[in-house]
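1. Model the following, please.
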Amino acid sequence: MDFHWSQDEEDFRQEVRAFLQAELPEGWGMTQFWDPDDDSQFEFAHEFTKKLGQKNWLAVAWPKEYGGLEWPFWKQFIFNEELATADAPIVGRNATRFLGPSIFRYGTEEQIQQHIPGILSGETIWCQGYSEPNAGSDLASL
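-> Here you go, the predicted structure:
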(Lines give C-alpha, C1' and ligand atoms only; values in the text may rest on other atoms or scores of the structure.)
Protein backbone atom coordinates (compact mmCIF):
# COMPACT_ATOMS: atom_id res chain seq x y z
CA MET A 1 0.00 0.00 0.00
CA ASP A 2 1.34 3.43 -0.98
CA PHE A 3 0.78 6.10 1.65
CA HIS A 4 2.29 8.95 -0.37
CA TRP A 5 0.18 11.79 -1.67
CA SER A 6 -0.34 11.97 -5.42
CA GLN A 7 1.05 14.87 -7.43
CA ASP A 8 -2.45 16.41 -7.65
CA GLU A 9 -2.76 16.21 -3.87
CA GLU A 10 0.68 17.76 -3.34
CA ASP A 11 -0.18 20.49 -5.87
CA PHE A 12 -3.36 21.25 -3.95
CA ARG A 13 -1.39 21.37 -0.67
CA GLN A 14 0.97 23.90 -2.25
CA GLU A 15 -1.98 25.99 -3.46
CA VAL A 16 -3.41 26.18 0.06
CA ARG A 17 0.02 26.84 1.58
CA ALA A 18 0.70 29.66 -0.92
CA PHE A 19 -2.66 31.25 -0.11
CA LEU A 20 -1.93 31.12 3.62
CA GLN A 21 1.56 32.54 3.16
CA ALA A 22 0.15 35.39 1.09
CA GLU A 23 -2.71 36.23 3.46
CA LEU A 24 -1.18 35.73 6.91
CA PRO A 25 1.46 38.07 8.34
CA GLU A 26 5.02 36.81 8.44
CA GLY A 27 5.60 34.81 11.60
CA TRP A 28 1.91 34.02 12.07
CA GLY A 29 1.50 30.85 14.11
CA MET A 30 5.17 30.85 15.08
CA THR A 31 5.95 34.19 16.72
CA GLN A 32 2.59 35.93 16.29
CA PHE A 33 -0.58 34.25 17.50
CA TRP A 34 -4.25 35.04 17.27
CA ASP A 35 -5.77 36.53 20.39
CA PRO A 36 -9.55 36.50 19.82
CA ASP A 37 -9.95 38.97 22.70
CA ASP A 38 -7.92 41.58 20.80
CA ASP A 39 -10.36 43.62 18.68
CA SER A 40 -7.87 44.38 15.90
CA GLN A 41 -6.88 40.73 15.63
CA PHE A 42 -10.52 39.68 15.63
CA GLU A 43 -11.16 42.10 12.75
CA PHE A 44 -8.13 40.66 10.92
CA ALA A 45 -9.46 37.13 11.51
CA HIS A 46 -12.89 38.13 10.20
CA GLU A 47 -11.34 39.63 7.06
CA PHE A 48 -9.24 36.48 6.62
CA THR A 49 -12.38 34.35 6.98
CA LYS A 50 -14.09 36.41 4.28
CA LYS A 51 -11.11 35.78 1.97
CA LEU A 52 -11.65 32.05 2.47
CA GLY A 53 -15.31 32.68 1.62
CA GLN A 54 -14.32 34.47 -1.59
CA LYS A 55 -12.48 31.30 -2.63
CA ASN A 56 -15.49 29.23 -1.53
CA TRP A 57 -13.24 27.53 1.02
CA LEU A 58 -15.53 27.75 4.05
CA ALA A 59 -18.00 24.97 3.30
CA VAL A 60 -15.82 22.54 1.42
CA ALA A 61 -17.75 19.44 2.56
CA TRP A 62 -21.23 20.84 1.94
CA PRO A 63 -23.37 19.62 -0.96
CA LYS A 64 -22.98 21.66 -4.13
CA GLU A 65 -26.69 22.44 -4.17
CA TYR A 66 -26.15 24.60 -1.07
CA GLY A 67 -22.97 26.27 -2.30
CA GLY A 68 -20.47 23.73 -1.00
CA LEU A 69 -17.70 22.02 -2.89
CA GLU A 70 -18.30 18.37 -1.90
CA TRP A 71 -14.57 17.83 -1.61
CA PRO A 72 -13.50 14.24 -1.04
CA PHE A 73 -12.14 13.41 2.39
CA TRP A 74 -8.48 13.49 1.33
CA LYS A 75 -8.82 17.03 0.03
CA GLN A 76 -10.59 18.18 3.19
CA PHE A 77 -7.84 16.52 5.24
CA ILE A 78 -5.03 18.30 3.39
CA PHE A 79 -6.88 21.61 3.55
CA ASN A 80 -7.58 21.37 7.27
CA GLU A 81 -4.05 20.16 7.99
CA GLU A 82 -2.61 23.24 6.29
CA LEU A 83 -5.04 25.56 8.11
CA ALA A 84 -4.08 23.99 11.43
CA THR A 85 -0.35 24.09 10.69
CA ALA A 86 -0.61 27.80 9.86
CA ASP A 87 -2.83 28.48 12.90
CA ALA A 88 -5.26 30.14 10.49
CA PRO A 89 -7.59 32.50 12.38
CA ILE A 90 -11.05 31.51 11.19
CA VAL A 91 -14.08 33.15 12.78
CA GLY A 92 -17.37 31.34 13.30
CA ARG A 93 -16.55 27.77 12.26
CA ASN A 94 -19.71 26.60 14.02
CA ALA A 95 -21.65 28.11 11.13
CA THR A 96 -20.17 25.76 8.55
CA ARG A 97 -19.89 22.77 10.86
CA PHE A 98 -23.28 22.81 12.59
CA LEU A 99 -25.59 25.70 11.79
CA GLY A 100 -25.51 25.66 8.00
CA PRO A 101 -26.03 21.91 7.69
CA SER A 102 -28.88 22.11 10.21
CA ILE A 103 -30.51 24.89 8.21
CA PHE A 104 -30.30 23.16 4.85
CA ARG A 105 -31.42 19.86 6.40
CA TYR A 106 -34.29 21.11 8.56
CA GLY A 107 -34.86 24.75 7.66
CA THR A 108 -37.34 26.34 5.34
CA GLU A 109 -36.41 27.65 1.92
CA GLU A 110 -36.74 31.16 3.36
CA GLN A 111 -34.23 30.34 6.13
CA ILE A 112 -31.84 28.83 3.61
CA GLN A 113 -32.01 31.94 1.42
CA GLN A 114 -31.60 34.21 4.45
CA HIS A 115 -28.67 32.51 6.19
CA ILE A 116 -26.65 30.30 3.85
CA PRO A 117 -25.13 33.09 1.69
CA GLY A 118 -23.72 34.90 4.74
CA ILE A 119 -22.24 31.67 6.08
CA LEU A 120 -20.64 30.84 2.73
CA SER A 121 -19.12 34.31 2.37
CA GLY A 122 -17.89 34.55 5.95
CA GLU A 123 -19.77 37.82 6.32
CA THR A 124 -22.09 36.51 9.00
CA ILE A 125 -20.53 35.45 12.28
CA TRP A 126 -22.35 32.75 14.19
CA CYS A 127 -21.61 31.39 17.62
CA GLN A 128 -23.16 28.84 19.90
CA GLY A 129 -23.91 29.40 23.56
CA TYR A 130 -25.48 27.39 26.29
CA SER A 131 -27.44 28.50 29.29
CA GLU A 132 -29.28 26.19 31.62
CA PRO A 133 -31.21 26.97 34.81
CA ASN A 134 -28.86 27.01 37.80
CA ALA A 135 -25.92 26.10 35.57
CA GLY A 136 -24.98 29.32 33.75
CA SER A 137 -23.01 28.33 30.69
CA ASP A 138 -21.33 25.31 32.28
CA LEU A 139 -22.75 22.14 30.72
CA ALA A 140 -20.61 20.01 32.99
CA SER A 141 -22.73 21.07 35.95
CA LEU A 142 -25.90 19.62 34.48
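2. what's the lowest-mean-pLDDT helix or strand in the chain in contact with?
-> When each helix and strand of the chain is scored by mean pLDDT, DSSP states H and E, helix 93-94 comes last, with a mean of 88. Under the criterion Cβ atoms under 8 Å, 6 or more residues apart in numbering, residues 126-128 lie in contact with helix 93-94. Where C-beta positions appear, they are placed from N, C-alpha and C, glycine not excepted.
3. now swap in stretch 109-119 and tell me
-> 58-59, 66-67, 95-96, 99-100, 103-104, 107, 124, 126.
4. Could you pull out the buried residues of that stretch?
-> Residues 112, 115-116, 118-119 are the ones in stretch 109-119 that count as buried (16 or more other Cβ atoms under 10 Å).
5. quick revisit: and which of the contacts of helix 93-94 is nearest to F42?
-> In terms of Cβ to Cβ, no member of the contacts of helix 93-94 lies closer to F42 than C127, at 12.2 Å.
6. And the closest one, how close does it get to R97?
-> Distance, C127 to R97, using Cβ to Cβ, to the nearest Å: 12 Å.
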